[in-house]
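# Based on what follows, work out the 3D shape:
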Amino acid sequence: MLAGIVDWDDVRHFLAPARTGSVRAAGSMLGVSHSTVARRVEALETRLGVKLFDRHRDGYLLTDAGNEMVSGAERVEREMAALERGLAGQDARLEGPVRVTCTDPFIAKILLRALAGLCEQHPGIELELDADAKNLDLSKRLPTYAGDPEPGLQRLAKPDLRYLADFWLLSHRDLRDNARLRAAREGITAAMTARAALFRCEAEGWRETAPLRHELAPGADAPRA
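The predicted model follows:
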């Protein structure tokens, strides 16, 4: 079915109402008017010769053809995202946005000062500090599996995570060689390594970081990139 689609925007304008259930919400997601979404969907249906949505007063519902279209459209979406990441990973410019996601106390007490030198050294890098928990919690993106229980298996006690935590600096593997991301990563790692003694309460000023250290993990050390 996707063979008749020649415009990547068609996929975006189809997936948005498919996920939100309305052209108004889809328009907000895409940053366009709801009438634009409705017009693009209608044009796509005309081009493919199938009805993708049933229009109701309460919103848009996928038809059987629309449900079939979703899997193909999402595959195209993933491929486009991978292509964009791959191209971004080859970007050698030290300018553009870099988003750092971490806890709010860590931003306030550590990162703001740690990143000041990076901003002075590379003024073209636009740092975005994000404390949103939904972006911070990587466990929500991990796959989970359900199945029949095995006889004899017993639930183990939960591990004491206080003694397992460490500082980690994570990035998507496709973006590891991106110049501005690499500069930000190296800058954060250097700044945190220089402050490692503070987190071990072995240097002057440790009282300021001790509450943060306790919140993250006793014994937390410098970040691993």
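
# Who are the packing partners of the helix or strand where residue 128 lies?
Residue 128 belongs to strand 125-130 when assigned by DSSP states H and E. Contacts defined by 3 or more Cβ pairs under 8 Å, 6 or more residues apart in numbering; DSSP states H and E place strand 125-130 against strand 96-101, helix 116-121, helix 179-194. Placement of C-beta: from N, CA and C, glycine included.

# can you do 6 Å?
If contacts are counted by 3 or more Cβ pairs under 6 Å, 6 or more residues apart in numbering; DSSP states H and E, strand 125-130 sits against strand 96-101.

# Distance check, residue 8 against residue 18.
Remark: distance between residue 8 and residue 18 (Cβ to Cβ, to the nearest Å) = 16 Å.

# Looking at those two, which has the bigger crowd around it?
Comparing residue 8 with residue 18 by other Cβ atoms under 10 Å, the one with more neighbours is residue 18, at 21 against 11.

# Could you chop the chain up by domain?
Annotated domains of the chain cover 2-89, 96-144+158-216 [automatic domain parsing].

# Can you add distance to residue 152 and mean pLDDT and give the ones you listed back as CSV?
What follows is those, written out as CSV (distance: least, Cβ to Cβ, whole Å; pLDDT from 0 to 100):
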stretch, distance to residue 152, mean pLDDT
domain 2-89, 38, 86
domain 96-144+158-216, 20, 70
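
# could you dump these to JSON lines with distance to residue 151?
Shown next, in JSON lines, are those (distance: least, Cβ to Cβ, whole Å):
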{"stretch": "domain 2-89", "distance to residue 151": "37"}
{"stretch": "domain 96-144+158-216", "distance to residue 151": "22"}
